[in-house]
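>>> got a predicted model here, sequence first, then my questions.
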Amino acid sequence: MITALAGWGVLGVLAAQERPPLVLVTIDTLRADHLPMWGAEDVSTPHLQALAERSVIFEQAVTSVPLTLPAHASLLTGTYPQFHQLRTNSSGRLSQDIPTLAEMLKSRGYKTGAFVASAVLDRRYGLDRGFDHYGDQFGLEARYAGKTAERTAEAVMNEALKWMGSHSGPIFVWIHLYDPHAPYQAPGRHGGRGYKGEIEYVDTQIGRLRSFLKGKGWDKRAMVAVLSDHGEDLGQHGEPTHGFFVYDTVMRIPLLMKFPGDEHAGKRVSRQVRIIDVLPTLLRGLDVPLPRQSVIQGSGLLPLVLGKERGEMPAYGESLYARVHFGWSRLFALRTGQWKYIQAPRPELYDLEEDPGETRNLFESRQGMANRLGQTLRELRVRYQGSRDQAEPVDIDPQQRQRLESLGYLSTSAPVDLSGQDEDLPDPKDKIEVYASIYRGMQGFVEDRLKASLNHLLKAAQTDPSMPTVHDYLGRVYSRLNRPREAIESYKKALKLSPGDLQVATNLAFAYLQADQPEEAVEGLEMLTQVNRSDWQSWHFLGVARTRLERWPAAAEAFAKALELKPGSKDVLFNLATSYGQQGEHEKAIQAFQRLVQLAPQDPQALGGLATHYEAAGKEKEAYEAYRKAIQVAPDDAAGYFNLGNFFARRGGWEDAEKFYRDAIERQPDFAQAYMTLSVVLHRQGKVREAAEWEQKARRLMSPPR
């Protein structure tokens, strides 16, 4: 392992309270060449430019992997992805054996806070380690709360500034802003400018951060680093977004560092640097020594800032996305200041000085250079290879999987098995069109553009019918289009290609339910609950399928198991209570509905269910109070008045029943059943003519149109 501060001499270590604050800002998916400091002319970022004037600009910074989670893991540990083993999004949890920047600073007296904008950085992946506060609305406490997969830069900055404002002394804050990530939908005046508008919107939040630091008295004193985790291809090499290739469009990132006291302001470093070099450089800027047993593989950048000569720092890069999700070849890259070598079934070599767009593959004509870079790449891969069990397994529940997919990512729930060779696998270059079709099909599904999604996925299936992912998504689209039989066939194809995919098997069971084939659904869901007994969703839908067959005790058993696994589920509680009621077990139904009302006190349906079973159990006073409460919480809901009318009608309270039936009709003029029951109570009061009129109205509403 390389110790990053070797050769810098003995540090004069400051007392903890004298150390400057550290503000680390990562702007997700930001290309360096889309900022004015790197030559862009049609993007306005005045706040980043003002910060850059007081900073060191690293002109040639590169990431290790073009995906959010593994890139941030490399940033916060100073290690390569093959060492920390978070190779793709959702592929595992960072090992406890690898120290993080937050842990290093916390041990030196820093208060630490992180504020992230995307479910990709959910705390379940381990980057929260060392932070006193991890501002993560996609974390454990909100995992099942139905919240979206990302939040705006403004929302993240609000939370970060509030936390910073409540702390003094040395602090470390990491602020992650996600907005440049697709889909490009910047708010307000920045809308309509696509990717560039997202960048400009994020810049306004950098302005808020600068104003805060100035107001806090930290403006001059703080160390501030701003960088990206990866870039965005924007179709330049055929890739819609990022993660698939390792070209500079996705691997080159902006990096600027404002040192305490604005030391070295205005300097530009033209030598290549790497994302793994940021951590040791930040520690040196704060005068914090490395841990004695350091695993950091990056090198501090202060010698380059000071203009000292040093050897080339080759940059390792990789993308395993095509291998993990489609069974195509992995991509590995080695980049120097001038050259880029890409290891693939058809290797690539680019002269970045002459061809920065990487359009002319020189592999055949520059075999000597390609061989040298290939050898260095192989050595780097071996030297820094971590253990496969370095990353801990992580649970990816259906909600988290959906959140990741809503951001354009496929997900995996276990450390990646990379055994075997790639030579005989398809080259991702040859699969870019089918991948683009899959991606656009996924996005169309997420954005509810179902016809467009179907067309893209059918095109992908026609081009390459061997991919289970395509058939899985086709099944989802068909289900959403209410074409369950076609969905069933698509899911069967996916399972034939990937027999162990439990999510596809679950989707197939849901499609059977949609097709009104509950026997087949029960069979599949019973198998799933035995294979994965901790999947609450399978237990829940097993209960639903059993209710379709009126197997009430078995349904209640499945719902109870689902509730044990997910205690806060309102849907499960409602279905459990209903299944108890169908068996005549009203006391159990009351207990379940009481729990549901505690969770959702403003839910009229929960109150109505509770009232129904109070009444069935002979608890008239409690039933009446629950019916009244349902009307109070939903005064415009006709069902509540109708239910209370029924309550009085069953007890011969004809006048009260009449009143509530009229209230129900007033709120829902086409409520035919209320018309009919009103006619009945009018008849019971001797109002025969009026009763007949209401009965006629009811029958007209019930008659099908001719």
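Ah, there it is. Residues are numbered from 1 along each chain as shown.
>>> mind checking how far stretch 160-180 is from the chain centre?
21 Å (CA atoms, centre = their mean, to the nearest Å).
>>> and that stretch, end to end?
Start-to-end span of stretch 160-180 (CA to CA, to the nearest Å) is 19 Å.
>>> quick check: buried residues in that stretch?
160-161, 163-164, 167, 170-180 (16 or more other CB atoms under 10 Å). Placement of C-beta: from N, CA and C, glycine included.
>>> equivalent analysis for stretch 563-582, please.
563, 565-566, 569, 572-581.
>>> other residues contacting that stretch?
Residues from elsewhere that reach stretch 563-582 (CB atoms under 8 Å, 6 or more residues apart in numbering): 144, 534-536, 539-540, 543-544, 547, 550, 552, 555-556, 559-560, 562, 586, 588-589, 592-593, 595-596, 599-600, 603, 605-606, 609, 612-613, 616.
>>> and that stretch, what's its mean pLDDT?
The average pLDDT for stretch 563-582 rounds to 92.
>>> by contact count, what packs against the helix or strand encompassing Ala71?
Following DSSP states H and E, one finds Ala71 within helix 68-77. Here helix 68-77 touches helix 81-84, helix 101-106, helix 278-285, going by 3 or more CB pairs under 8 Å, 6 or more residues apart in numbering; DSSP states H and E.
>>> give the buried residues for the longest one.
Residues of helix 278-285 classed as buried by neighbour count (16+ other CB under 10 Å): 278-285.
>>> hang on, the earlier thing: looking at the buried residues of stretch 563-582, which is nearest Ser498?
Leu565 (24.8 Å; CB to CB).
>>> quick one: the closest one from Gly500, how far?
21 Å (CB to CB, to the nearest Å).
>>> then Gly311?
From Gly311 to Gly500 the distance is 47 Å (CB to CB).
>>> again, but for Phe510
Taking CB to CB, one finds Phe510 at 18 Å from Gly500.
>>> do Gly165 as well
Taken as CB to CB, the span from Gly165 to Gly500 is 50 Å.
>>> repeat that for Gly215.
For Gly215 relative to Gly500 (CB to CB), the value is 56 Å.
>>> more neighbours: which of these two?
Taking neighbours as other CB atoms under 10 Å, Gly215 and Gly500 compare with Gly215 leading, 11 against 8.
>>> His242 reaches Asp248, doesn't it?
No: counting by CB atoms under 8 Å, His242 does not reach Asp248; the two are 11.7 Å apart.
>>> give me the common contacts of the two.
Gly231.
>>> three-state assignment of Glu318?
Secondary structure state of Glu318, per DSSP: H, G, I helix; E, B strand; the rest coil, is strand.
>>> once you drop chain neighbours, what's closest to it?
Using CB to CB, 6 or more residues apart in numbering and skipping residues adjacent in sequence, the residue nearest Glu318 is Phe332, 5.0 Å away.
>>> can you give me the strands for the stretch 101-250 of the chain?
111-115, 133-135, 171-177, 223-227 (DSSP state E, counting those that start in this stretch).
>>> strands along the chain, start to end?
Assigned by DSSP state E, the chain shows strands spanning 22-27, 56-62, 111-115, 133-135, 171-177, 223-227, 252-253, 255-258, 268-274, 315-319, 331-335, 339-343, 348-351.
>>> low-confidence stretches in this structure?
1-17, 137-148, 293, 387-420, 704-706 (pLDDT under 70).
>>> report the central residue of it.
For the chain, the residue sitting closest to the mean C-alpha position, by CA atoms, centre = their mean, is Ala119 at 3.1 Å.
>>> please look at it and Glu150 and confirm they touch.
Yes: Ala119 is in contact with Glu150 according to CB under 8 Å; the separation is 6.9 Å.
>>> gap between Leu105 and Leu86?
In this view, Leu105 and Leu86 are 21 Å apart by CB to CB.
>>> tell me which of these two has more neighbours.
Applying other CB under 10 Å to Leu105 and Leu86 shows that Leu86 carries more neighbours, namely 32 against 24.
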